[in-house]
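Participant: pasted the sequence and its predicted model underneath.
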Amino acid sequence: MELQIAPTVEAAPIGETSPPKELVAWSLEKFADRRMVITTAFGMEGCALIDMYARHDQSVSVVYLDTMFFFQETYELRDRLVERYPNLEFVNRGTTLTPEQQAKQYGDKLWERDPDLCCKLRKVDPMRPVLQEADIWITGLRKSQSKSRGQIRVVDWDWQYQVLKISPLATWDRKQVWEYVKANNVPYNALHEQSYPTVGCTHCTKPVAGASVTDYSREGRWNGKEKTECGLHGDGI
């Protein structure tokens with residue numbers, strides 16, 4: 001399916017229940033002169049969001065944090081997205097701390113002994129300079145993803161990073177995301193069809209028995225631990 005680029009942006013009044021496409025158009029018009037960045041871990045939501053922004057004739061940076069522990073399927077998806085959306089700039093701002101350096105400094109298999117520290121080193125710390133260079137942060141967060149995300153707003157101030165945070169998909173459920181992906185032939189991670197509701201690092205992500213592409217849960221992340229979030233989105237989110 002050929003990607004249709006919108007030549008202009010016509011922004012409608014927006015609110016908490018505005019459709020994602022309207023929120024995307026509004027954000028591009030409202031903040032056309034501000035530093036905007038989309039961040040993604042290449043989950044299904046992020047892929048749908050990337051497609052929505054790519055349909056406008058405006059260049060937006062898409063930043064991802066390569067933890068050096070990505071699944072091969074994630075790297076393959078990244079390459080497909082880069083090819084599909086040449087009008088977007090995909091930038092890796094992941095850590096330069098190699099797994100070998102981390103093991104030498106913090107001990108082997110840190111993700112098992114102290115997953116919070118591992119996430120801090122490989123995700124949270126690298127994200128700080130990214131958002132110091134941005135005014136507007138676009139995310140694929142949804143309210144129904146978890147209890148801790150239930151209170152997110154489509155437009156909010158992020159106190160952790162001191163940026164305006166916009167989550168156009170906040171009110172959608174996973175089925176709506178999947179329907180958009182299929183209807184628009186959006187590339188997505190093949191692991192979603194192998195019972196992975198979400199896909200993170202290889203050491204900390206497991207399949208969830210019986211999970212389909214329309215299911216979403218945090219069960220497969222940090223399996224056997226109470227941890228369900230990496231810390232990128234603040235306390236508990």
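Facilitator: Cool, the structure landed. Numbers count the residues shown, from 1 in each chain.
Participant: count the neighbours of Val37 for me.
Facilitator: By other Cβ atoms under 10 Å, 21 other residues sit near Val37. For every residue, glycine as well, the C-beta is placed using N, CA and C.
Participant: tell me where this protein has strands.
Facilitator: 36-39, 61-64, 89-92, 136-138, 155-158, 163-166 (DSSP state E).
Participant: buried deepest among those strands, which one?
Facilitator: strand 136-138 (a mean of 24; mean count of other Cβ atoms under 10 Å).
Participant: and it, which strands flank it?
Facilitator: Neighbouring strands of strand 136-138 in its sheet, by DSSP bridges, are strand 36-39 (parallel), strand 163-166 (parallel).
Participant: and Asn87, which of those strands is closest to it?
Facilitator: Distance to Asn87, taken as Cβ to Cβ, is lowest for strand 36-39 among these, at 12.7 Å.
Participant: average pLDDT for the closest one?
Facilitator: Mean per-residue pLDDT for strand 36-39: 96.
Participant: got the contact list for that strand?
Facilitator: For strand 36-39, contacts defined as Cβ atoms under 8 Å, 6 or more residues apart in numbering pick out 27-28, 46, 49-50, 53, 60-65, 127, 130-131, 133-139, 232.
Participant: recalculate using a threshold of 6 Å.
Facilitator: Strand 36-39 is contacted by residues Val60, Ser61, Val62, Val63, Ala134, Ile136, Ile138 when judged by Cβ atoms under 6 Å, 6 or more residues apart in numbering.
Participant: relative to Gly107, how far out is the residue nearest the centre of the chain?
Facilitator: Among the residues of the chain, Thr40 comes closest to the average C-alpha position under Cα atoms, centre = their mean, at 2.9 Å. Going from Thr40 to Gly107 by Cβ to Cβ, to the nearest Å gives 30 Å.
Participant: before we move on, back to that, of all the strands paired with strand 136-138, which lies closest to Asp215?
Facilitator: strand 36-39 (23.5 Å).
Participant: could I have the CA atoms of the longest helix belonging to the chain written out in CSV?
Facilitator: Using DSSP state H to define each element, the chain has its longest helix at helix 72-84. Output of helix 72-84 as CSV, limited to C-alpha atoms (Å, rounded to 0.1, in the frame of the first residue of the first chain):
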residue,chain,number,x,y,z
GLN,A,72,17.0,-9.6,15.9
GLU,A,73,13.3,-9.1,14.9
THR,A,74,13.5,-5.6,16.4
TYR,A,75,16.5,-4.6,14.3
GLU,A,76,14.8,-6.0,11.2
LEU,A,77,11.7,-3.9,12.0
ARG,A,78,13.8,-0.8,12.4
ASP,A,79,15.3,-1.3,9.0
ARG,A,80,11.8,-1.8,7.4
LEU,A,81,10.5,1.4,9.0
VAL,A,82,13.5,3.4,7.8
GLU,A,83,12.9,2.2,4.3
ARG,A,84,9.1,2.7,4.5
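Participant: buried residues in that helix?
Facilitator: Within helix 72-84, the residues that count as buried by 16 or more other Cβ atoms under 10 Å are Glu73, Thr74, Leu77, Arg78, Arg80, Leu81, Arg84.
Participant: fine by me, we can end here.
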